[in-house]
Each structure stands twice: as C-alpha cells, then as structure tokens.
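Asks: model the following, please.
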Amino acid sequence: MGNPIIKIKKDAADIVFEVCAFIGLGVLLLLPIIYNADLPDQIPTHFNAKGEPDNYSSKTTIWVLPVIGLLMVVGLYILNRFPQKFNYPSKILEDSAPRYYKITTRLIRIINLIIAWSFAYILYGSIQVAIGVYDGLGNWF
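Replies: Sure thing, here's the model as predicted:
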C-alpha cells in the first residue's frame, strides 16, 4: 500500500512559480543561440570559489548547462504531478495528504525556479566572461 493518490489544486503562487521557472528555462535555452556568433573558440566552463574562471573548453560546451537545465526543470515538473511517489519520512494518511502534498509540491516548484534561474545566471556569466565583458561570476555566487 502506497500513499493516497489525490489531485492537488494549484493556487496563484504555484502558477507563478511554474511560469517563472519556465521563463528561466527559456532564457537558459535562448542565451547560447543569441550569443553563439560572439563566442570565442574557448569559453569558461568552471569557476573557483571566488567566481573566477579556472577551466576553459570548446564553445560547443555552451550547451551543457541548457541541456542539464532542460532535463532537470522538465523532470521536476513531471515528477511534481505525482506527489504520492515522493519519499516522505512517514506514511501519508488520507486526511493529511492534501496538506503534505501541497507543501511538497510547492517546495519542488520553488526548487525548480531556483535551478532554472541559477543555471541561466551561470550561463550568462560564462558568456560575459568569454566575450570579455566580465572578469568572473563574482564572490557572492
């Protein structure tokens, strides 16, 4: 016997989180297309703790983050449709399922939003370093 299967209704915040995550994914996928002609043959692919580039690779690696981001964002979006499959610390009962599912699906939406926009920021920073506009991603990141 697994967890109860129930449909969780999205509220306005849930929709905003999902839309913003997919906008971030769109930005992530468009950046390499927009900047491809401006990129040098070698681009930064790794940054140290200070946000400075410390490894470079071929400009075709510009697609690594968008592909990983696409898989993660879409994968988490699909997974979020099945909250009964999540790993909960205890059995979910029928009467408490709506509350637990609402909390966990909201968390996944927020994580998805953070992933999409963090990847977009890293990719944008990498592109800006590659074309000589930035020196690195900055200390805060």
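
Asks: all helices for the protein, in order.
Replies: 12-35, 64-79, 97-130 (DSSP state H).

Asks: out of those, deepest packed?
Replies: For these, the largest average neighbour count (mean count of other CB atoms under 10 Å) is found in helix 97-130, namely a mean of 18. Using the backbone N, CA and C atoms, a C-beta is placed for each residue, glycine as well.

Asks: including distance to Phe47, could the helices of the chain go into a markdown table?
Replies: Compiled in a markdown table, the helices of the chain are given as follows (distance: least, CB to CB, whole Å):
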| stretch | distance to Phe47 |
| --- | --- |
| helix 12-35 | 17 |
| helix 64-79 | 12 |
| helix 97-130 | 8 |
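
Asks: who wins for proximity to Asn87 among those helices?
Replies: Among the helices of the chain, the nearest to Asn87 by CB to CB is helix 97-130 (9.8 Å).

Asks: which other helices and strands contact that closest one?
Replies: helix 12-35, strand 42-47, helix 64-79 (3 or more CB pairs under 8 Å, 6 or more residues apart in numbering; DSSP states H and E).

Asks: re earlier: want to throw the helices of the chain into TSV with mean pLDDT and distance to Ser58?
Replies: Below are the helices of the chain laid out as TSV (pLDDT from 0 to 100; distance: least, CB to CB, whole Å):
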stretch	mean pLDDT	distance to Ser58
helix 12-35	98	13
helix 64-79	98	11
helix 97-130	96	11
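
Asks: starting at the chain centroid, how far to stretch 9-25?
Replies: Put simply, stretch 9-25 sits 13 Å off its chain's centre (CA atoms, centre = their mean, to the nearest Å).
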